[in-house]
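# quick one, structure for this:
(one chain, ligands or ions: 1)
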Amino acid sequence: MPESNIPVLTIDGPSGSGKGTISRAVAARLGWHYLDSGALYRAVGVAAGWADLDLDDAGALVRCAFDTVVGFRDDAGGEPRVLVNGHDATDELRTETAGAAASAIAAIPEVRSALKERQRAFRQAPGLVADGRDMGTVIFPDAGWKVFLTASAEERAERRYKQLKDKGVSVTLDGLLREILARDARDASRAVAPLRPAEDAVRIDTTGQGIEAVVERVLALVPGRAG
Ligand code: DC
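This is a model prediction of the structure:
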């Protein structure tokens, strides 16, 4: 099947909007592949940290983006494991440090181009659910269905707070809220691929909504596809 005929559903939005959980659930219901594009940026951030690269050295970061090998391995029922240069880095990728590094390197245009074809290669039959910031605007502008998920910054901070607390990480709600607002501002104001909804995206506000309800709303957009 020509790649452009393989269906794609894009789910973009800021961190904490529920994108990851909802995208994975939708992909599982459709029996489609899943692309966690944020994990690619985080993987480069983590690999840059391992190599002790300076986050201001764009040239080194671009080389790092080309060289970093990222693999995804399904984990029965849970989040897929992410291998960075052969090491299981799933937990490290989720840290605030990795998120901040990812956000900083994601602002470098050559890093974004280095990862472009890698993301498009996930478009495989029978279909793809692509989760990120610029899936509907830049990577898969011809996607059949585009969703932009939002949630209030306060609710996103609370969700993150609960996740981290469950993992035993000590953080304050206030600190998280400040980080989320700073990251939103950086992701929305960068010159390349800023976080914004595609013109043809359906916006869904997940504030106060359960996961299942949002999953159903997304699936309803893909007629005849929900199993
Ligand atoms: O979705 P996430 O929190 O795992 O993403 C981490 C960072 O990577 C986020 O701050 C912005 C960047 N990112 C991006 O610029 N484009 C994407 N498609 C996905 C993530």
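# tell me where the longest helix sits in the protein.
helix 173-189 (DSSP state H).
# next SSE downstream of that helix?
strand 202-205 (DSSP states H and E).
# list the neighbouring strands of that following strand plus their orientation.
strand 145-150 (parallel) (DSSP bridges).
# and the following helix or strand past the strand it pairs with, what's buried?
Going down the chain from strand 145-150, the next helix or strand is helix 153-166, by DSSP H and E. Neighbour-count burial for helix 153-166 flags A153, E155, R156, A157, E158, R159, R160, Y161, L164 (criterion: 16 or more other C-beta atoms under 10 Å). To be clear about C-beta, it is placed using only N, CA and C from the backbone, and glycine gets the same treatment.
# which one of these is nearest to G18?
R159 (7.4 Å; C-beta to C-beta).
# wait, isn't that closest one in contact with G20?
No - in this structure, R159 is not within contact of G20 by C-beta atoms under 8 Å, at 10.9 Å.
# tell me the pLDDT of F140.
In this model, F140 is scored at 97, pLDDT.
# which residues does it contact?
V8, T10, R120, R123, L128, A130 (C-beta atoms under 8 Å, 6 or more residues apart in numbering).
# angles on the backbone of the residue lying closest to it once chain neighbours are set aside, please.
Excluding the flanking residues, the one nearest F140 by C-beta to C-beta, 6 or more residues apart in numbering is V8, at 4.7 Å. Torsion angles at V8 (phi, psi; degrees, to the nearest 10) stand at phi -130, psi 140.
# what about V8, how many neighbours?
26 (other C-beta atoms under 10 Å).
# my read: it touches Q124, true?
No - in this structure V8 lies outside contact range of Q124 using C-beta under 8 Å: 10.3 Å.
# where along this structure do the helices fall?
19-30, 37-50, 58-67, 90-93, 96-105, 109-120, 153-166, 173-189, 211-219.
# for V138, find the nearest of these.
Across these, closest to V138 is helix 109-120 (C-beta to C-beta), at 7.8 Å.
# show me what that closest one is packed against.
helix 37-50, helix 58-67 (3 or more C-beta pairs under 8 Å, 6 or more residues apart in numbering; DSSP states H and E).
# most packed of those helices?
helix 37-50 (a mean of 24; mean count of other C-beta atoms under 10 Å).
# what lies in contact with that helix?
Contacts for helix 37-50 (C-beta under 8 Å, 6+ apart): 15, 20, 55, 60-61, 64-65, 67-68, 70, 72, 82, 84-85, 89, 92-94, 97-106, 111, 115, 118-119, 130-133, 135, 139.
# residue contacts, A101?
With C-beta under 8 Å, 6+ apart, A101 has these contacts: R42, G45, V46, A48, G49, L55.
# redo that, cut-off 7 Å
G45, A48, G49, L55 (C-beta atoms under 7 Å, 6 or more residues apart in numbering).
# quick check: the nearest residue to D200 once chain neighbours are set aside vs V222, distance?
Nearest in space to D200, with sequence neighbours left out and distances taken as C-beta to C-beta, 6+ apart, is K146 at 5.7 Å. The gap separating K146 from V222 is 11 Å, by C-beta to C-beta, to the nearest Å.
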